[in-house]
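**Q** predicted model follows, preceded by the sequence.
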Amino acid sequence: MQNYEKWSKYGKLLPGLIHNLNSPLMGISGRIELLQMQIGENKSITQVNTQLEKINQMLTAAAYLLDKDQHNKETDIELNILLTNYFTFLIADSRFKHQVENTQNYEQITVNINASQLIHCLHTTASYLLDFINGETHIDINCSLQSEKPTIEITMTTENEINSEFDLTKEYSENIDPTLTTHYQITHTKDTHKVYVKIIVM
């Protein structure tokens, strides 16, 4: 319990930390723009600016997810924005960053959900999928309305065979609150090289 309270306390400080990191990053970015205006196009400066933009995107995504994860109640959420931020944040995982090519296709959908529950469900799914990547992998993420129900589809395709120990149903039963099944219908299928996960918001 003491550890939980300690990390809960740190979790509350993180949004402020992220906000404070953004200020010096913006200052550095501004200086780089001035430098670029003075000396013209420069490959090294452009690369630095690109990396700063990536850092800013990850910090923005982390701040968004922390904010949504703190409110354990149902509220209107733009599902496409939540997914965009989650998969931007996932780049912090070296497996996703270095071994996965991904495509994302999201319809603009607003749903009344407990965002913290969905983030937990997404993270459990993504983390488990990444445990089974074997060589070059492609992850395709889609969000659309199917039969008037918001639906998230995640397809993972690997060049090598998926380990026979893969068992997403067992992973859900051990790491996801069973009451979530009243809010989400989660199904998955797999074959030798592909896993397909479907999450329907009920």
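**A** Happy to help now that I have it.

**Q** who touches stretch 23-33?
**A** With contacts defined as CB atoms under 8 Å, 6 or more residues apart in numbering, stretch 23-33 is touched by I45, V48, N49, L52, E53, I55, N56, L59. (Glycine included, C-beta is placed from N, CA and C.)

**Q** may I see the PyMOL selection of the buried members of these?
**A** The PyMOL selection below is limited to those of the contacts of stretch 23-33 classed as buried (16 or more other CB atoms under 10 Å):
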select buried, resi 48+49+59
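
**Q** just the ones of the contacts of stretch 23-33 in helices?
**A** Among the contacts of stretch 23-33, DSSP state H puts I45, V48, N49, L52, E53, I55, N56, L59 in helices.

**Q** what ranges do the strands span in the protein?
**A** Secondary structure of the chain (DSSP state E): strands at 74-78, 100-106, 110-114, 137-146, 149-158, 184-190, 194-201.

**Q** put together a markdown table for those strands, with distance to N175 and mean neighbour count on each row.
**A** Formatted as a markdown table, the strands of the chain follow (distance: least, CB to CB, whole Å; neighbours: other CB atoms under 10 Å):
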| stretch | distance to N175 | mean neighbour count |
| --- | --- | --- |
| strand 74-78 | 22 | 13 |
| strand 100-106 | 21 | 14 |
| strand 110-114 | 17 | 15 |
| strand 137-146 | 20 | 17 |
| strand 149-158 | 16 | 19 |
| strand 184-190 | 12 | 15 |
| strand 194-201 | 14 | 18 |
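
**Q** now those as CSV including mean pLDDT and distance to P178?
**A** Formatted as CSV, these follow (pLDDT from 0 to 100; distance: least, CB to CB, whole Å):
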stretch, mean pLDDT, distance to P178
strand 74-78, 92, 18
strand 100-106, 92, 28
strand 110-114, 92, 15
strand 137-146, 93, 24
strand 149-158, 94, 19
strand 184-190, 91, 11
strand 194-201, 94, 15
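
**Q** so which of these is nearest S164?
**A** Nearest of the strands of the chain to S164, taken as CB to CB: strand 184-190 at 10.1 Å.

**Q** just the residues contacting that closest one, thanks.
**A** The contact list for strand 184-190 (CB under 8 Å, 6+ apart) reads 117-118, 121, 125, 162, 166, 168-169, 172, 195-202.

**Q** next one: stretch 101-112
**A** Where contact means CB under 8 Å, 6+ apart, the residues beyond stretch 101-112 that reach it are 74-80, 83-84, 87, 96, 136-145, 150, 201.
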